[in-house]
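1. generate a structure from the sequence data that follows.
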Amino acid sequence: MAALELLAQRGQEGVTLRDITDRVGANVAAVSHHFGSLESLCDSAIEYALERCLDEQIQELGFLDTTSTLQGVAAAFARPMTRALAAGGEELAVMRTVARVGIDPPQGRQRLTDEFDRSRRDALRMLTANLPGVDEAELIFRTRCAAGMLNWLALAPIGTELAAMSAEEIGRQLIPVVVGAFHGYPQPASGQAQDPHQ
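-> Here you go, the predicted structure:
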């Protein structure tokens, strides 16, 4: 937990083994013996955070089917973040760690590749049902933008403001924004130019 909190606050480059051992009241030799190195300890904490977040997102998307609305897809996609912001503590530390990793992905996350792929496939299946005219590459781009926005939210001051609200209130604020990211800008009919200011 101490490693997660520090990673969430500072990122991997801003954490030392001494920071972690001071926080938990352990000695450096014991932690080094158990994990081998600071990098190994941070990797374990990051992998734990990613796996936990992915499992939760896969579970939320798994409750949906192809009749689910775009709002339902957005709610499922954002629910791990809304819960974490409302709960605080370890849940928020997990999401902030995932957010930092999302912004600056570390190498060597092959063990979780299948889970990343499954989460993306589940989201794409629901989005394709709701946005049949949008090709897969565009839907992947929109999904990545929505995920990036959630990552930013976990780390930005506005995330702290939202954390004072209940999960339901956060959802009311956040879900329409995620719907907008998924829906994208309406495409003009073929042969027609569209004014971007309309």
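2. what mean pLDDT does stretch 180-196 get?
-> Computed over stretch 180-196, the mean pLDDT rounds to 66.
3. my bad, should have said stretch 113-126
-> On average, stretch 113-126 scores 82.
4. residues contacting the closest residue to Ala181 other than its chain neighbours?
-> Among residues not flanking Ala181 along the chain, Ala146 sits closest, at 4.1 Å (CB to CB, 6 or more residues apart in numbering). The way it works is simple: take the backbone N, C-alpha and C, and place the C-beta from them, glycine included. Contacts for Ala146 (CB atoms under 8 Å, 6 or more residues apart in numbering) come out as Ala74, Phe77, Ala78, Val178, Ala181, Phe182.
5. output those residues in JSON lines, with neighbour count and secondary structure appended to each entry.
-> Formatted as JSON lines, these follow (neighbours: other CB atoms under 10 Å; DSSP: H, G, I helix; E, B strand; the rest coil):
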{"residue": "Ala74", "neighbour count": "26", "secondary structure": "helix"}
{"residue": "Phe77", "neighbour count": "27", "secondary structure": "helix"}
{"residue": "Ala78", "neighbour count": "25", "secondary structure": "helix"}
{"residue": "Val178", "neighbour count": "26", "secondary structure": "helix"}
{"residue": "Ala181", "neighbour count": "19", "secondary structure": "helix"}
{"residue": "Phe182", "neighbour count": "23", "secondary structure": "helix"}
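6. which SSE is the residue nearest to Ala181 in?
-> Assessed by DSSP states H and E, Ala146 sits inside helix 136-155.
7. after that helix, next one along is what?
-> Following helix 136-155 toward the C-terminus (DSSP H and E): helix 157-162.
8. output the contacting helices and strands for that next one.
-> helix 167-183 (3 or more CB pairs under 8 Å, 6 or more residues apart in numbering; DSSP states H and E).
9. compute the inter-axis angle for the helix it packs on and helix 136-155.
-> Interaxial angle of helix 167-183 relative to helix 136-155 (axes from the mean of the first three to the mean of the last three CA atoms, to 10 degrees): 150 degrees.
10. just the CA trace of helix 167-183, in CSV.
-> Written as CSV, here are the backbone C-alpha positions of helix 167-183 (Å, rounded to 0.1, in the frame of the first residue of the first chain):
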residue,chain,number,x,y,z
ALA,A,167,-20.1,8.1,-6.7
GLU,A,168,-23.6,8.9,-8.1
GLU,A,169,-22.9,12.6,-8.2
ILE,A,170,-19.5,12.0,-9.9
GLY,A,171,-21.2,9.8,-12.4
ARG,A,172,-23.7,12.5,-13.3
GLN,A,173,-20.9,14.9,-14.0
LEU,A,174,-18.6,12.5,-15.7
ILE,A,175,-20.7,10.1,-17.8
PRO,A,176,-22.0,12.7,-20.3
VAL,A,177,-18.4,13.7,-21.0
VAL,A,178,-17.3,10.1,-21.7
VAL,A,179,-20.4,9.7,-23.9
GLY,A,180,-19.3,12.7,-25.8
ALA,A,181,-15.8,11.2,-26.3
PHE,A,182,-17.2,8.0,-27.5
HIS,A,183,-19.8,9.6,-29.8
